[in-house]
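J.: sequence and predicted model, in that order:
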Amino acid sequence: MRPHLLPEITRQIMRLSEISSKLACQMRAENDVEIQGIAGIEDAGPGDLTFVSNRKYIRHIKNTKASAIILDLDLPEVPIPSLRTANPYLAFARALELFHKPVLPAPGIHPSAIIAEDAQIGPDASIGPCVVIGSGCKLGARATLHAHVVLYPYVCVGDDAVLHAGVVVRELCEIGHRVTIQNGAVIGSDGFGFAPAGDGTYYKICQTGRVVIEDDVEIGANTAVDRAAVGETRIRRGAKLDNLVQIGHGAQVGENSVLAAQVGLAGSTKLGRNVQAGGQAGFAGHQEVGDGAIITAQAGVHGEIPAGAVISGSPGFDNAAWRRSVIAFPKLPDLQRRLSVLEKEIESLKEEIRHRSGK
């Protein structure tokens, strides 16, 4: 369903010139058309604003039914009104906000919420149905806790933080300002620590530490960030964690690092700033990854990774070498067959030489 067909609560209508002004784009249009929503270039219809940020979609421009399009500055003129910018994808992201009216929970405290007497609730906070807030908790201004959020005792949640339904934050953990935690995430669960007892059993190591989530972090649905055995697990400012990410005890995720779905960090892994890890990448633990490193999807990483490195494969190694290896892998059976033929030919030549020499 296109945005302008959604219920009236989410509907917006804006002139293209107004959108251009809000997005700081160059407007190239003969008519100041009305825009009612945002849509992908293949699905857009009349009244929609669409965009092209990946050049492989340029071929769809001639057939789009959209009323206007967001494009890069250097692309040729198109037959429909356009907004020009050096970063079309960012402009698209900001345009979505112009046409989206979030469905917000009711302000105040729902009567079914259970809040400890000594908990401190900031001004204009919103606390949904069946929320549980333990003793000694502190909730910042304008923080939002959706239904069934549970805060164990002595949790701190910063200003403008949003915890979606089903989030659990364990004791002593700290959530910064403007943090978003999606449904079902667990912050501060026990780290996976067991000491072999010598008789084939394992003795649980008490997880006495905590988790600190710094400002402007987003954590995806069903992600788990484990508390440290001692000290803290820390997710630094601006980091983005996708759904189903596992952060082991005592790990650190650097500023503005991005971890895609099912990335797993074993205990005490330290990621630098602006690290990018693709889906299902795994880190062996007790290792450091330098600033700006890129770990591609499904890579298995061990040892120290220098800043700026691009790592692929399992076990992980340099991406350029990995790409050459991947090309070679399908050819290995044929190469093995040809090698076997060559070995037989060499043995035959050796036998012929021995025969001629009389040996």
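T.: Nice, thanks for sending it over. Residues are numbered from 1 along each chain as shown.

J.: which helix is the longest one in this structure?
T.: As assigned by DSSP state H, the longest helix anywhere in the chain is helix 332-357.

J.: now find how far off-centre that helix is within its chain.
T.: 54 Å (CA atoms, centre = their mean, to the nearest Å).

J.: how about stretch 249-263?
T.: Relative to where its chain is centred, stretch 249-263 has its mean C-alpha point 9 Å off (CA atoms, centre = their mean).

J.: equivalent analysis for stretch 129-138, please.
T.: Counting by CA atoms, centre = their mean, stretch 129-138 is centred 28 Å from the centre of its parent chain.

J.: cool, and stretch 215-222?
T.: The answer for stretch 215-222 is 8 Å, by CA atoms, centre = their mean.

J.: ok, stretch 113-129 next?
T.: Its chain's average C-alpha position is 29 Å from that of stretch 113-129, according to CA atoms, centre = their mean.

J.: ok, now stretch 85-99?
T.: 19 Å.

J.: give me the contacts around it.
T.: 3, 10, 12, 14, 19, 22-26, 35-38, 49, 51-53, 70-73, 83 (CB atoms under 8 Å, 6 or more residues apart in numbering). C-beta: built from backbone N, CA, C; applies to glycine.

J.: tell me the buried residues in that stretch?
T.: Within stretch 85-99, the residues that count as buried by 16 or more other CB atoms under 10 Å are 85, 88, 91, 92, 94, 95, 99.

J.: that's a helix at the third one, yeah?
T.: Put plainly, it is residue 91. Yes. Secondary structure of residue 91 (DSSP: H, G, I helix; E, B strand; the rest coil): part of a helix.

J.: tell me how far it lies from residue 49.
T.: Noted for residue 91: a distance of 10 Å to residue 49, by CB to CB, to the nearest Å.

J.: what residues are shared contacts of those two?
T.: Common neighbours of residue 91 and residue 49 (CB under 8 Å, 6+ apart) are 70, 83.

J.: wait, doesn't residue 279 sit right on residue 260?
T.: Yes. Look at residue 279 against residue 260 with CB atoms under 8 Å: they come within range, at 4.3 Å.

J.: and for those two, which residues touch both?
T.: The contact lists of residue 279 and residue 260 share 242, 297, where a contact means CB under 8 Å, 6+ apart.

J.: out of the buried residues of stretch 85-99, the closest to residue 255 would be?
T.: Lowest distance from residue 255 to the buried residues of stretch 85-99 (CB to CB) belongs to residue 94, with 22.3 Å.

J.: check which helix or strand covers the closest one.
T.: Using DSSP states H and E, residue 94 falls within helix 88-98.

J.: can you name the next helix or strand after that helix?
T.: Next along from helix 88-98, by DSSP H and E: strand 108-109.

J.: give the rounded mean pLDDT of the next helix or strand after that next one.
T.: Using DSSP H and E, the helix or strand that follows strand 108-109 in sequence is strand 114-115. Average pLDDT, strand 114-115: 98.

J.: from the contacts of stretch 85-99, which land in helices?
T.: Judged by DSSP H, the contacts of stretch 85-99 include 19, 22, 23 as members of helices.

J.: which one (most neighbours) among those residues?
T.: Using other CB atoms under 10 Å as the neighbour criterion, residue 19 leads the ones in helices among the contacts of stretch 85-99 with 23 neighbours.

J.: tell me the bridge partners for residue 169.
T.: residue 151, residue 187 (DSSP bridges).

J.: scratch that, residue 156
T.: Residue 156 has the following beta-bridge partners by DSSP bridges: residue 138, residue 174.

J.: so what's it up against?
T.: Residue 156 touches 137, 138, 173, 174, 175, counting by CB under 8 Å, 6+ apart.
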